[in-house]
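Peer 1: Build the 3D model from these lines:
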Amino acid sequence: SGGSAARAREAAAAEAAGGRPRLPGDEDVTRGEIDIPVEPSSSTVTGPLKVEVSSVYNNEQSDPPMRKHCFQYTIRITNNSPTDTIQLLGRRFEIQTVGSSMKDVVQGEGVTGRTPILKPGEVFEYTSTAPLSVRPIGTTIIAARMKGEYRYVVLKEGQETATEEQIKDGGNETADLGTFHFIFPEDQRVKPFRAEEDDDEEEEEEEEEEETKAASSPAKETSKPTSTPSASPASTLPGDDDMKTGDITIPLNDNSEVVTDSVKVSVTSSYRPERSDSSQDKHCFAYNIRITNESDNPIQLVSRRFEIQTVGLEHKDVVQGPGVTGRQPILKPGESFEYTSTAPLNVKPMLDKTPVVARMQGEYNFVILGEDGTTPLSSNPLQAKLGLFHFILPALSSS
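Peer 2: Now for the predicted structure:
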């Protein structure tokens with residue numbers, strides 16, 4: 001049958017990928033701008049079966065700083081047939097976490113390890129958990145979307161249970177598990193910031209991370225793929241002389257704030273000792289960017305470009321890519337977009353001269369949108385400057 005051929009193809013794809021089958025994801029979940037109503041539950045009737053699901057966040061099993069968010073969902077399957085007894089033989093779910101371009105396919109025999117039999121009017125209910133590796137993003141409250149199907153057979157008169165053949169076949173009828181969403185609780189959501197708010201309380205937990213790679217000091221770094229393929233060091237430029245020598249000639253700021261064309265870009269930076277190893281000349285910094293639309297029109301951020309120079313190097317690296325943290329957020333007047341990113345630097349500090357290990361500056365390209373909040377007024381983007389700042393080592397202990 002077509003179904004089993006499709007299943008076989010999927011299984012082959014899974015094997016090739018070394019694990020679960022994956023399918024192209026829904027565009028709106030990848031973008032984080034959801035096109036359908038966001039509901040934590042669904043109820044769907046297919047033939048004689050009604051499949052209901054409801055989901056909640058499970059605090060005890062979640063660990064937000066590690067991006068581990070666990071949800072539990074309860075499934076209730078009712079046999080509404082007045083005459084037929086049915087037996088559930090298998091299930092297949094598709095789950096897509098927000099920001100991901102692919103869906104995972106989870107399939108298996110039976111339900112919770114059993115193949116339950118439902119007489120007319122009977123209900124089978126179970127609760128399961130979905131531990132997701134996902135981070136909240138500012139444009140939506142969802143963590144993931146899920147849907148699926150249960151496969152079953154109708155037992156014949158006098159048949160007590162499915163035949164081996166039927167079990168092997170996995171069921172010839174399907175009942176849909178309708179689309180629903182795993183929704184972050186209030187305290188785990190990233191709020192779109194309004195200009196007048198100033199809320200740094202939970203930055204750690206709400207951080208959007210991406211890595212900004214700068215070139216390393218000569219030939220020490222083993223090459224490894226950057227975690228953000230969209231932000232590749234595209235080119236280099238001649239560096240600033242004071243950074244080459246370590247005799248820094250400008251104020252040592254580890255933050256900056258600049259307004260260009262009514263768009264304010266603020267940055268603060270901090271050292272991440274737990275991700276650094278000075279014996280290997282690895283120094284990791286986090287920087288938090290907040291972009292605020294102070295104009296009267298909505299704007300959309302379309303790309304970014306940064307220049308980074310580590311101390312002692314002759315040149316600057318230019319890192320550029322589309323969007324910000326993989327998205328192209330739209331900011332209404334007064335709204336802010338905030339994210340945290342990391343810069344893992346391979347650099348030999350010149351501590352006898354300066355605690356500065358790198359200097360960074362850049363710009364975000366944005367377009368002004370019309371009244372409708374979606375149509376750009378011009379195809380030429382404007383630039384909002386990310387003002388120059390430094391990654392500065394804290395006073396290091398002598399150990």
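
Peer 1: Let me see the ranges of the helices in the chain.
Peer 2: Ranges of helices in the chain, per DSSP state H, are 2-16, 27-31, 164-169, 241-245.

Peer 1: Compare those helices and say which comes out lowest on pLDDT.
Peer 2: Lowest mean pLDDT within the helices of the chain: helix 2-16, at a mean of 57.

Peer 1: For residue 373, give me its contacts.
Peer 2: By C-beta atoms under 8 Å, 6 or more residues apart in numbering, the contact list for residue 373 reads 298, 330, 332. In this view, the C-beta of every residue, glycine as well, is placed from N, C-alpha and C.

Peer 1: which one of these sits closest to residue 155?
Peer 2: residue 330 (54.0 Å; C-beta to C-beta).

Peer 1: What residues are bridge-paired with the residue nearest to the closest one when sequence neighbours are not counted?
Peer 2: Nearest residue to residue 330 in three dimensions, chain neighbours excluded: residue 300, at 4.8 Å (C-beta to C-beta, 6 or more residues apart in numbering). Residue 300 forms beta bridges with residue 330, residue 367, as assigned by DSSP bridges.

Peer 1: Who are the contact partners of residue 300?
Peer 2: 328-331, 366-367, 369, 376.

Peer 1: are any of these buried, and which?
Peer 2: 329-331, 366-367, 369 (16 or more other C-beta atoms under 10 Å).

Peer 1: of all those, which comes closest to residue 253?
Peer 2: Among the buried ones among the contacts of residue 300, residue 366 lies closest to residue 253 (C-beta to C-beta), at 24.0 Å.

Peer 1: could you dump the contacts of residue 300 to JSON lines with distance to residue 29 and pLDDT?
Peer 2: Shown next, in JSON lines, are these (distance: C-beta to C-beta, whole Å; pLDDT from 0 to 100):
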{"residue": "328", "distance to residue 29": "16", "pLDDT": "87"}
{"residue": "329", "distance to residue 29": "16", "pLDDT": "91"}
{"residue": "330", "distance to residue 29": "17", "pLDDT": "92"}
{"residue": "331", "distance to residue 29": "21", "pLDDT": "93"}
{"residue": "366", "distance to residue 29": "24", "pLDDT": "94"}
{"residue": "367", "distance to residue 29": "24", "pLDDT": "93"}
{"residue": "369", "distance to residue 29": "23", "pLDDT": "93"}
{"residue": "376", "distance to residue 29": "24", "pLDDT": "89"}
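
Peer 1: Compile those residues into JSON lines and extend it with columns for distance to residue 165.
Peer 2: Converted to JSON lines, the contacts of residue 300 look like this (distance: C-beta to C-beta, whole Å):
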{"residue": "328", "distance to residue 165": "53"}
{"residue": "329", "distance to residue 165": "54"}
{"residue": "330", "distance to residue 165": "55"}
{"residue": "331", "distance to residue 165": "60"}
{"residue": "366", "distance to residue 165": "62"}
{"residue": "367", "distance to residue 165": "61"}
{"residue": "369", "distance to residue 165": "60"}
{"residue": "376", "distance to residue 165": "60"}
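
Peer 1: quick check, nearest of the residues you listed to residue 63?
Peer 2: residue 329 (26.7 Å).

Peer 1: The residue lying closest to that closest one once chain neighbours are set aside pairs with what?
Peer 2: Spatial nearest neighbour of residue 329, excluding adjacent residues (C-beta to C-beta, 6+ apart): residue 337 at 4.6 Å. Taking DSSP bridges as the rule, residue 337 bridges to residue 291.

Peer 1: so how far is residue 291 from the closest residue to residue 290 other than its chain neighbours?
Peer 2: Sequence neighbours aside, residue 338 is the residue nearest to residue 290 in space, at 4.4 Å (criterion: C-beta to C-beta, 6+ apart). Distance, residue 338 to residue 291, by C-beta to C-beta, to the nearest Å: 8 Å.

Peer 1: ditto for residue 187
Peer 2: Distance of residue 187 to residue 291, given as C-beta to C-beta: 24 Å.

Peer 1: if you count what's nearby, which of those two comes out ahead?
Peer 2: Taking neighbours as other C-beta atoms under 10 Å, residue 187 and residue 291 compare with residue 291 leading, 25 against 11.

Peer 1: and the more buried one, what does it touch?
Peer 2: For residue 291, the contact set (C-beta under 8 Å, 6+ apart) comprises 263-265, 301, 324, 331, 336-338, 364, 384.

Peer 1: wait, doesn't residue 384 sit right on residue 368?
Peer 2: No: contact criterion C-beta atoms under 8 Å: residue 384 and residue 368 do not qualify, at 11.5 Å.

Peer 1: Please identify which of those two sits among more neighbours.
Peer 2: residue 384 (24 against 20).

Peer 1: any idea how far that one is from residue 46?
Peer 2: 51 Å.
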